[in-house]
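Colleague: Give me coordinates for this.
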Amino acid sequence: MANSEVQSKRKKRSGHVILETALGFMPLCALIFGIADFAMVIYINSCFQNAVREGVRFGITYSLVYPPGSTTTYASQTAAIQAAVEANSGGWLTSSSSSGPAYIQVNYYTPDNMTTPATTGVLPKTVNGTTITALNQPGNILEVKINQYPWNWMVPLPKYMPGTGMTLTTSSIDVLQGLPVGTANPPTP
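Modeller: Residues are numbered from 1 along each chain as shown. The predicted structure follows:
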């Protein structure tokens, strides 16, 4: 083959290389953005799972001071638990924005009804021979929940994933145990 024939074949192929690169690059970008989108949702959900778990762990101590050892005392146990969840949410929930306490729910359940959160209107009541006088009385169940946190896809694709996004919900529960030594009544829930 002569040198001029090789050069002419290279010129003809150079246009194909650019086209093939462009056609291969678009699916690669879509794949990378798809992985990033799903990884972000998994990361946020794990942050929320950790936050509600820590909120419940803090809640069963009946403390009104958060973080422990600080001088910040909250008016109610629910407010202290919400502060614990915010502090452990990886910065996704903050009280300075609308995404803070609005998404954090703290519910108390009596042992005889695990489907409906207890309210002060149903107290006092007797369950299994024990009179329940407070929502956060030992033996009741504490649920901490991040409810309906909206998440929109980073790169919405029209026709496939229009910008509707999704909502994330996670919760953790535990049984409230005995009160701290020297305490006769639980703090305000």
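Colleague: What mean pLDDT does stretch 46-54 get?
Modeller: Over the span of stretch 46-54, the pLDDT mean works out to 96.
Colleague: residues of that stretch that come out buried?
Modeller: Under the neighbour-count criterion of 16 or more other Cβ atoms under 10 Å, stretch 46-54 has 47-48, 50-54 buried. To be clear about C-beta, it is placed using only N, CA and C from the backbone, and glycine gets the same treatment.
Colleague: Distance from it to the middle of the chain?
Modeller: For stretch 46-54, the separation from the chain centroid amounts to 6 Å (computed by Cα atoms, centre = their mean, to the nearest Å).
Colleague: who's in contact with it?
Modeller: For stretch 46-54, the external contacting residues (Cβ atoms under 8 Å, 6 or more residues apart in numbering) are 84-86, 88-90, 92-93, 144-146, 149, 168, 170-172.
Colleague: before we move on, back to that, I'd like the buried residues of stretch 46-54 laid out as TSV, including secondary structure and distance to D37.
Modeller: Compiled in TSV, the buried residues of stretch 46-54 are given as follows (DSSP: H, G, I helix; E, B strand; the rest coil; distance: Cβ to Cβ, whole Å):
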residue	secondary structure	distance to D37
C47	helix	16
F48	helix	17
N50	helix	21
A51	helix	21
V52	helix	23
R53	helix	25
E54	helix	27
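Colleague: Tell me where this protein has strands.
Modeller: Assignment of strands within the chain using DSSP state E yields the ranges 104-109, 125-127, 130-132, 141-151, 166-175.
Colleague: Quick one, which of those strands gets closest to I60.
Modeller: I60 lies closest, by Cβ to Cβ, to one member of these: strand 166-175, at 5.5 Å.
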